[in-house]
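In: From the sequence below, what's the structure:
(one chain, ligands or ions: 1)
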Amino acid sequence: MLYSKLAQAYSRLEATTKRLEMLEIAAELLRETPPEEMERVIYLTQGKIHPNWMGLPELGMAEKMAIEAVARATNVGKEEVQGLLKQLGDLGLVAERLIQEGRVKKLSQKPLTVREVYETLDRIARESGKGSSERKIMGLVSLLVNASPLEARYLVRTVEGRLRLGLGDMTILDALAEAFTGSRENRGVLERAYNLTSDLGYVARVLAEEGLEAVKRVKIVVGKPVRMMLAQRLSTAKEIVEKLNGRCSAEYKLDGERFQIHKKGSEVQIYSRRLENITYMYPDVREMALTHIKAEEAIVEGEGVAVDPETNELRPFQLLMQRRRKYRIEEMVKKIPVTVFLFDCLYADGEDLTLEPYPVRRKKLHEIIEVGPRFQITKSLVSSDPREIERFFDEAISEGCEGLVVKSTAEDSIYRAGARSWLWVKLKRSYQSKMVEPVDLVVVGAFYGRGKRAGTYGALLAAAYDHENDTFKTVCKVGSGFTDEDLAKMPSMFEEYRLPHKPPRVEALIDPDVWFNPAIVIEVIGDEITLSPVHTCAFNLLREGSGLAIRFPRFTGRWRSDKSPEDATTVKEIVDMYKAQLRTI
Ligand code: ATP
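Out: Reported below is the predicted structural model:
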C-alpha cells in the first residue's frame, strides 16, 4: 500500500468540519487497506506506531532535529527553514512548500510505501544512545527525499508527534463497522473486543482477516490492558439500595489512581485508567505485586493512594499526582509512598473471571492475595440497609476517602469492561439540591483574557462527552478558580492543541476566540445545572431549543491528566444530575 493513499485521506480529514464526513473518509481508507497493513494504517492514522499501553518509545522528535532533517533533505539552509517556519507556523507545511518548489534533488522516483514509512518511524522512535540524534535525522531525511509535497507535510507532523487528525477510537470503530460490515450497528461487537484488549489495530486486523464472527470470539489476555469498568452515581444510599435491589456490597472509595496490575511469572505491568503503561513510575507497586500476588498469572485492579510515611494516613489525590513523572522516581518512591487497595480480580491462572458475578471475583481476590501493610483489599460492607451504608459512608469520609462505591452482588454482576454501568454506583458527598459534586470536562476552546489576564485566556469553553456519537458538547465557559500560575501556563499548555477551525467532533453554538482539539480534562464545580439555549449538552432533549449548562462554574484546581477526553463526564450523566437536582428541590 502506498503512503500517498494515507496522505490524501489525511488532507481530506483535515479539511472537514463534519463528523459524518470524517467517518466516511476513514471508512473509505480502511476499506482500501489490505488486512496485513491494517495495524500500521490504524496506528499511523492515530499519529502513533503502537498502542500507548505497550510503553514502547513514542514519536515526538524535537523540533530542532526535524528542522535539521528538512534542511538537509531539501538542500536549504537551516535559517531559511526557520524563517519559513515562523511564517507558516508548522514545519509540515514548510517541508511541503520546499518540496513543491523542487528543492529536493530526486535520485530515484521511488514511491513511499506504508510499510517503509512505518518501519522507518519505528526505528526513529527506538534510536537511543550515542549518535542517535544523527540517526534519527537521517531516518527522516531518507523518507523526505522520496516524499511528495503532501506526504512530506504528514511525515513531518507524524515524526514530531503532532499529526492530530482528531479521529477518536470510537470513530475508528464506527468507520471499521461501516467499512467491513456495511453498518455502524455492529460497532457494539467491535467495541466489546476493543474493551477486552484495548488494541484497535488487533481488532481491525481480526475483522479484516476473519470477519465479525472471529471478533466475537476475542478474549482477554494477560499483558493487554482491559478497558476499565466505571461507576454510575446516585445521591443517596437509599436510591442506591433500591437501584441494586438490595443486593449490594459497599466499599470505600479511595481517592487515588486506578491501577490495573497484570502479573505473568516475574513480569508485572501496571496500567492507568487511561491505559498508559505506568509500571516504571511505580517500582514499589511492581515489587509488591510480585510478592503479594500468589497466582502465577493474574489481572487485578485497585486504587493506589498516597500515604503519610510516618502515620500511614491517606493523603490527597494531588500529592499522588507528583508520582506521575519520568525522572527521579526512586526519590519520589521514598517521599510519597503508595498503598494499593485492591477491589477486583479479572483473571487468575488461566481463568477469565470477567463474566463471573462480583462475589466470585472478590472471593478469588482474597484467595490469590497475601495482604500486607501496603498491599491491601478494600474495606467492604455487605448490606441492604441504607442507614447502615450511610454510617459506613461517614466512616469512609472520616478516614480520608471520597465516599463509597456500592457494587451489585447479583448473578449478573459481571465485569463490564469499558462501560459506565449501573452495577457499580458511587456515592460521594451528596449534591442535594445544589451541585456539590464536581464534573470532569474537556477544554475545546478559549476566550482571550483582558486587563490582568491579557496575554493568556480569560475563560475556557468546556464540554461533556457524548458517548452515543463520540462527540463533545459544550456545557459552560469557565473563568474562575484559576491561580496565577494556572493562567500563566495556559497558553503554552494549550498551544499544541490549537486548531484553525472547530474540531469536527465538537458541537457548539458559541464561537470562542480559539478552538482546541479535545485533549485536556479539567475538574469543574458549579452551583447547579440549568437549562441554557447556548450550550449543546443535551440540546433539545429536555426542552426544545435548550441544552444544559453549569451555572457559576469554577475550576477546582485539578487538571485531570489521568483522564482522556473520552473519560470526561458524559452528557448522560449531566442529564441525570439535572434530573436528580429537580427531584430534591
Ligand atoms: P471519579 O472522578 O469520581 O474518581 P471516575 O470517572 O474517575 O470518577 P468512576 O468509575 O466514575 O471513575 O468512579 C470509580 C473510580 O473510583 C474508579 O475509577 C477508581 O479509580 C476509584 N475507586 C476508588 N475506590 C474504588 C473501589 N473500591 N471500587 C471501584 N473503584 C474505586
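In: Flag every residue of the chain that's near the ligand.
Out: Proximity of the chain to the ligand (CB under 6 Å from any ligand atom) is limited to residues 230-231, 251-254, 258, 273, 303, 343, 378, 405, 426. C-beta: built from backbone N, CA, C; applies to glycine.
In: ok, 5 Å please
Out: Within the chain, the positions lying close to the ligand (CB under 5 Å from any ligand atom) are 230-231, 251, 253-254, 258, 303, 343, 378, 405.
In: Which of those residues are buried, as a PyMOL select command?
Out: Buried members of these, defined by 16 or more other CB atoms under 10 Å, are picked up in PyMOL with:
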select buried, resi 230+231+251+253+254+258+303+343+378+405
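In: Out of the residues of the chain next to the ligand, list just those in strands.
Out: Applying DSSP state E to the residues of the chain next to the ligand, the entries found in strands are 230-231, 251, 253, 258, 303, 343, 405.
In: which residues touch Thr113?
Out: Neighbouring residues of Thr113 by CB atoms under 8 Å, 6 or more residues apart in numbering: 1-3.
In: Now intersect the residues you listed with the strands, please.
Out: Counting by DSSP E, these contribute nothing to strands.
In: For these, which ChimeraX command selects only the ones that are buried?
Out: ChimeraX command restricting the contacts of Thr113 to the buried ones, with burial defined by 16+ other CB under 10 Å:
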select :1,3
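In: okay, the contacts of Thr113 in JSON lines with pLDDT next?
Out: Output for those, formatted as JSON lines (pLDDT from 0 to 100):
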{"residue": "Met1", "pLDDT": "97"}
{"residue": "Leu2", "pLDDT": "97"}
{"residue": "Tyr3", "pLDDT": "98"}
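In: In helices only, show me the contacts of Thr113.
Out: Counted as lying in helices by DSSP state H, out of the contacts of Thr113, are Tyr3.
In: Ala175: which of the contacts of Thr113 is nearest?
Out: Met1 (16.7 Å; CB to CB).
In: my guess is that closest one contacts Pro35, does it?
Out: No - between Met1 and Pro35 there is no contact, the gap being 10.9 Å when judged by CB atoms under 8 Å.
In: Run through the strands of the stretch 101-250 of the chain in chain order.
Out: 230-233, 248-253 (DSSP state E, counting those that start in this stretch).
In: Identify whichever of these lies nearest to Glu21.
Out: Glu21 lies closest to strand 230-233 among the strands of the stretch 101-250 of the chain, at 30.6 Å (CB to CB).
In: and that closest one, what does it pack onto?
Out: Judged by 3 or more CB pairs under 8 Å, 6 or more residues apart in numbering; DSSP states H and E, the packing partners of strand 230-233 are strand 420-428, helix 571-584.
In: hey, which of the ones you listed is tucked in deepest?
Out: Across the helices and strands packed on strand 230-233, averaging neighbours per residue (mean count of other CB atoms under 10 Å) puts strand 420-428 on top, at a mean of 20.
In: Report the angle between that strand and strand 248-253.
Out: With axes from the mean of the first three to the mean of the last three CA atoms, to 10 degrees applied, the angle from strand 420-428 to strand 248-253 works out at 60 degrees.
In: Roughly how far does Arg361 sit from Lys579?
Out: 32 Å (CB to CB, to the nearest Å).
In: In the stretch 1-150 of the chain, what residue comes closest to the ligand?
Out: Distance from the ligand to each residue of the stretch 1-150 of the chain (CB to the nearest ligand atom) is smallest for Trp53, at 16.5 Å.
In: Touching, that residue and Ile278? I think so.
Out: No - counting by CB under 8 Å, Trp53 does not reach Ile278; the two are 9.5 Å apart.
In: For these two, work out which one has more neighbours and name it.
Out: Using other CB atoms under 10 Å, the more surrounded residue of Trp53 and Ile278 is Ile278, with 23 against 20.
In: can you put the residues of the chain next to the ligand in CSV and add distance to Ala519 and pLDDT?
Out: Below are these laid out as CSV (distance: CB to CB, whole Å; pLDDT from 0 to 100):
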residue, distance to Ala519, pLDDT
Leu230, 20, 95
Ala231, 24, 96
Glu251, 32, 97
Lys253, 27, 96
Leu254, 27, 95
Arg258, 20, 97
Glu303, 25, 98
Phe343, 29, 98
Thr378, 32, 97
Val405, 28, 98
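In: Show me the two of the residues of the chain next to the ligand that sit farthest apart.
Out: Going by CB to CB, the pair spanning these furthest: Leu230 and Thr378, at 16.2 Å.
In: The closest residue to Val307 other than its chain neighbours: what secondary structure?
Out: Leaving aside its chain neighbours, Val307 sits nearest to Thr339 (4.8 Å; criterion: CB to CB, 6 or more residues apart in numbering). Judged by DSSP: H, G, I helix; E, B strand; the rest coil, the three-state class of Thr339 is strand.
In: Now for Val575: which residues touch it?
Out: With CB under 8 Å, 6+ apart, Val575 has these contacts: 538, 541-542, 548.
In: Repeat the analysis, applying 6 Å as the threshold.
Out: Taking CB atoms under 6 Å, 6 or more residues apart in numbering, we find Val575 in contact with Ala538.
In: next one: Trp424
Out: By CB under 6 Å, 6+ apart, the contact list for Trp424 reads 231, 405, 407.
In: where do the strands sit along the stretch 351-500 of the chain?
Out: Using DSSP E, counting those that start in this stretch, strands in the stretch 351-500 of the chain cover 351-352, 375-377, 380-382, 403-408, 420-428, 439-448, 457-466, 471-478, 498-499.
In: Check which strands are paired with the third one and give the direction for each one.
Out: As defined by DSSP bridges, the strand partners of strand 380-382 come to strand 248-253 (antiparallel).
In: mind showing which ranges of this structure have poor pLDDT?
Out: The model of the chain has pLDDT under 70 over residues 106-109, 429-436, 583-585.
In: For the nearest residue to Glu370 once chain neighbours are set aside, which residues are in contact?
Out: Leaving out its chain neighbours, the residue that sits closest to Glu370 by CB to CB, 6+ apart is His292, at 5.0 Å. Residues in contact with His292 (CB under 6 Å, 6+ apart) are 369-370, 372, 375.
In: Could you do Leu176 as well?
Out: 30, 190, 204.
In: Take these and keep only those in helices.
Out: Those of these lying in helices (DSSP H): 30, 190, 204.
In: Serialize those to CSV and add fields for distance to Val514.
Out: Listed next are the ones in helices among the contacts of Leu176 as CSV, based on distance: CB to CB, whole Å:
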residue, distance to Val514
Leu30, 32
Leu190, 34
Ala204, 34
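In: quick one: which of these is nearest Leu155?
Out: Leu30 (20.7 Å).
In: can I assume the closest one is in contact with Thr181?
Out: No - checked against CB atoms under 6 Å, the pair Leu30 and Thr181 is beyond contact range at 11.6 Å.
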